[in-house]
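[1] mind looking at a prediction? Sequence and model below.
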Amino acid sequence: MCLPLSSHKRMLTVLTLGLALGAVSLNAADTNQVANSPADLENLSLQQLVNVQVTSVSKKEENLLDAAAAVSVLSNDDLRRSGATSVAEALRLVPGLNVASFNASDLSISARGFSGLYADNLLVLVDGRAVYSPIFSGVFWDLQQMDLEDVDRIEVIRGPGATVWGANAVNGVINIVSKSARDTQGGYLYTSGGTVGLTADGVRYGGKLADNTYYRFDLGYQLTDDYPLANGQSAGDGWQSEQYGYRLDNYSGANTHLTWQAGAVVNQLDDHTSDAYNANTLARWTQELSDRSSVEVQTYFDRTYRDDLVRIRDLVDTFDLTAQHTFGLGENNDVIWGAGYRFTVMSLERINQVFGAPANSLNQQLFSAFAQDEFKLVPDKLTLTAGAKIEHNDFTGFEVQPSIRASFKPAPNQTLWTAVSRAVTTPDPVNENPGMSFAIGAPFRGPGGGLYLPEVVGNKNIESQELLAYELGYRLQAGKRVQADLAAYYNQYDRIIGFNAADATFVPGLPLGTAQVPWANLQRGHTDGGEATVTVAPLDSWRLTAGYSLVLTDIPGNQSFVSAPQQQATLRSSFDFSRRVSLDGDLRYVDQLAGISSLGIAGTPSYLTADARLAYRPTDRVELSIAGQNLFAPRQPEPAYPVPGSIYSQVPRGFYAKMAWHF
């Protein structure tokens with residue numbers, strides 16, 4: 001089963017039609033109104049940014065300054081000025097996130113340690129739709145392609161969010177929030193070409209179906225060149241992607257909002273060894289009953305298919321339904337509660353020399369309910385938030401994930417917060433099914449002198465991994481020129497899901513035997529560290545942001561999925577020469593990653609690199625830009641452990657030019 005890609009020529013034809021549509025619609029549009037024109041720094045004060053509304057911490061709107069969690073927000077303006085070509089690239093700007101490329105299409109993104117291609121401790125949501133694979137409990141980032149112009153903001157929680165979001169929201173939550181169709185009226189066309197991202201083209205158009213009913217559709221195409229291997233030769237990992245999307249928003253009343261959206265991403269490696277697609281649709285109804293009361297019901301269907309020579313061929317269908325109710329209880333209590341149901345069908349279809357899997361189907365159900373109470377002990381000064389989420393899954397049964405958070409405001413421009421939370425990472429079919437296995441190294445001489453291939457195998461007795469997290473943070477808004485955000489944490493892990501080569505069982509065979517290493521709940525361990533971000537605006541037209549993160553790991557055993565660079569640092573500059581010309585730059589340092597000698601895995605050296613973007617807006621509707629990425633070296637390995645049987649290439653230096661037109 002495979003959905004084939006169309007040719008690049010077909011996509012260019014579609015873009016040409018989109019351009020023609022824009023030219024026609026421009027006559028009908030209100031040409032005196034400039035839609036979606038980029039803002040300059042003078043119109044984006046630090047005070048406005050710290051007072052941005054976030055919803056990921058408590059599933060209700062609150063000021064970023066007041067949130068009792070380590071939260072960072074990338075605004076639409078941040079995304080545009082960064083020069084990033086994807087969500088994954090943009091996340092490099094967030095302190096405490098580790099973003100590493102294995103090759104041109106595979107990435108690892110994690111928070112506060114536990115990195116790997118399938119980083120299962122980080123929950124990723126797109127408009128409330130979970131996008132992690134239930135087979136691997138990780139995210140296929142190559143399928144998370146979208147036009148960044150349509151993204152309103154990306155909220156990133158560093159630390160547990162399981163009380164409202166559930167299992168696997170352990171070390172963090174990434175919530176990608178797209179714009180309403182009401183905010184994307186008119187047309188938008190972009191095209192770019194470069195040395196690594198060979199081309200990226202797209203068109204979007206939004207209009208009205210009736211009073212208070214808005215729509216938009218968009219489509220895009222991108223083609224990425226091969227990355228180099230360590231010896232400079234081509235890795236042959238180039239790929240192409242098509243994206244399609246639609247959204248409808250209806251505001252039938254001042255307090256009622258109905259949205260329906262659908263999208264698809266279709267990917268293919270240039271050598272045709274991998275095909276993948278994701279298709280999804282989501283509907284959400286929100287009704288505000290009063291200033292402190294609202295109801296929301298959301299449902300979505302998601303289908304993900306992947307077929308390649310490294311991972312198993314799989315097809316995953318997910319149906320999800322959730323409902324929540326927020327209400328005030330007296331003058332000082334705000335309560336939110338809700339329930340959900342998720343049904344997943346997973347089909348596994350192939351066995352090969354790297355990844356073994358039974359050809360079968362697996363149905364999985366998840367039931368959940370949560371409640372959280374925000375109690376204002378001293379109004380505008382001291383707030384206590386307590387809650388818990390109860391889930392029942394088919395692997396480990398009932399799981400309870402509580403948290404308690406407190407925030408204290410010694411002054412209106414300062415917030416001191418602390419939190420204690422419990423969260424779990426549930427096993428997936430790879431961990432739990434004894435029939436699933438994958439190779440973890442080269443054959444070696446074992447007992448009796450025979451050759452054995454080491455492989456990890458499933459364990460039906462595995463339990464969930466548990467986290468008990470302690471957090472402390474402080475935020476300061478010092479006038480309109482200085483903003484600071486500090487967070488520290490201590491994470492205690494129990495029943496860590498991993499493997500230890502010392503537990504291998506040798507099974508003789510010809511020409512190769514197998515050294516079977518079962519997934520297991522290993523001993524306890526902990527991580528601690530913190531993140532710091534300071535933003536300074538020396539001028540209204542110039543902004544500097546410095547970030548630093550530290551992860552100290554004390555987890556016994558040799559596990560390739562729990563390590564991350566110890567230190568990371570960023571320095572970002574945004575400067576407007578005028579309202580027409582802007583220059584942005586980003587300097588990044590990433591610490592080394594130690595090797596694992598027992599598995600024959602080499603480490604990765606530290607590196608320092610930079611990105612830069614120069615933009616010129618000849619009119620309010622047109623922006624021309626040039627950007628350079630990974631500027632300090634011709635190619636750079638990023639700290640990530642190689643995946644058995646997969647390509648591990650290096651990130652090359654790249655340049656591109658882009659034109660964007662709002663019409």
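    Looks like it came in fine.
[2] show me where pLDDT drops low in this protein?
    Where the chain drops to pLDDT under 70, the residues are 1-50, 271-273, 309-312, 349-360, 441, 557-563, 595-601, 641-645.
[3] in it, mark out all the helices, start to finish.
    8-28, 46-50, 76-82, 87-90, 162-165, 429-432 (DSSP state H).
[4] partner strands of the longest strand seen in the chain, parallel or antiparallel?
    Counting by DSSP state E, the longest strand found in the chain is strand 360-378. Sheet pairing of strand 360-378 (DSSP bridges) gives strand 333-348 (antiparallel), strand 382-393 (antiparallel).
[5] give me the buried positions along the shortest one.
    Neighbour-count burial for strand 382-393, with 16 or more other Cβ atoms under 10 Å as criterion, is recorded at 383, 384, 385, 387, 388, 389, 390, 391, 393. (Glycine included, C-beta is placed from N, CA and C.)
[6] try stretch 179-197
    179-192, 194, 196-197.
[7] ok, stretch 544-559 next?
    In stretch 544-559, counting by 16+ other Cβ under 10 Å, buried: 545, 546, 547, 548, 549, 550, 551, 553, 555, 557, 559.
[8] how about the contacts made by the fourth one?
    Meaning residue 548. Residue 548 makes contact with 95, 531, 532, 567, 568, 569, 570, according to Cβ atoms under 8 Å, 6 or more residues apart in numbering.
[9] try 7 Å this time
    Residues counted as contacts of residue 548 (Cβ atoms under 7 Å, 6 or more residues apart in numbering) are 95, 532, 569.
[10] using CSV, write out every CA atom in stretch 366-373.
    In CSV, the C-alpha atoms belonging to stretch 366-373 read as follows (Å, rounded to 0.1, in the frame of the first residue of the first chain):
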residue,chain,number,x,y,z
LEU,A,366,-7.3,4.6,25.7
PHE,A,367,-9.9,6.0,28.2
SER,A,368,-9.1,9.2,30.1
ALA,A,369,-10.5,11.7,32.5
PHE,A,370,-9.0,14.7,34.2
ALA,A,371,-9.8,17.5,36.6
GLN,A,372,-7.8,20.6,37.7
ASP,A,373,-8.7,23.4,40.2
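[11] who does the nearest residue to residue 398 once chain neighbours are set aside form a beta bridge with?
    Leaving aside its chain neighbours, residue 398 sits nearest to residue 392 (5.2 Å; criterion: Cβ to Cβ, 6 or more residues apart in numbering). Beta-bridge pairing for residue 392 (DSSP bridges): residue 367, residue 398.
[12] where's residue 392 relative to residue 341, distance?
    According to Cβ to Cβ, to the nearest Å, residue 392 and residue 341 sit 10 Å apart.
[13] make sure residue 204 is actually in contact with residue 220.
    No - using Cβ atoms under 7 Å, residue 204 makes no contact with residue 220, being 8.5 Å away.
[14] mutual contacts of those two, please.
    residue 147.
[15] ok, back up a step: closest to residue 159 among the buried residues of strand 382-393?
    residue 385 (14.0 Å; Cβ to Cβ).
[16] which residues touch that closest one?
    Contacts of residue 385 (Cβ under 7 Å, 6+ apart): 58, 68, 372, 374, 405.
[17] for the third one, give its distance to residue 337.
    Distance of residue 372 to residue 337, computed by Cβ to Cβ: 7 Å.
[18] between those two, who's got more neighbours?
    residue 372 (24 against 15; other Cβ atoms under 10 Å).
[19] just list whatever residues bridge to the more buried one.
    Beta-bridge pairing of residue 372 under DSSP bridges involves residue 336, residue 387.
[20] before we move on, what about residue 214?
    Following DSSP bridges, residue 214 is listed with bridge partners residue 208, residue 249.
[21] pull the number of nearby residues for the residue nearest to residue 489 when sequence neighbours are not counted.
    Distances taken as Cβ to Cβ, 6+ apart place residue 471 nearest to residue 489, at 4.8 Å, with adjacent residues excluded. Residues near residue 471, counting by other Cβ under 10 Å, number 23.
[22] now do the contacts for residue 471.
    Each residue near residue 471 by Cβ under 7 Å, 6+ apart is listed here: 70, 159, 418, 419, 487, 489.
[23] could you check how far it is from residue 295?
    For residue 471, the distance to residue 295 - Cβ to Cβ - is 31 Å.
[24] and residue 421, by the same measure?
    Taking Cβ to Cβ, one finds residue 421 at 26 Å from residue 295.
[25] hmm, residue 344 and residue 318 touching each other?
    Yes - here residue 318 reaches residue 344: they are 4.8 Å apart, a contact under Cβ under 7 Å.
[26] ok, the two, which is more surrounded?
    The neighbour comparison of residue 318 against residue 344 (other Cβ under 10 Å) goes to residue 318, with 22 against 18.
[27] list the contacts of the more buried one.
    Contacts of residue 318 (Cβ under 7 Å, 6+ apart): 302, 342, 344.
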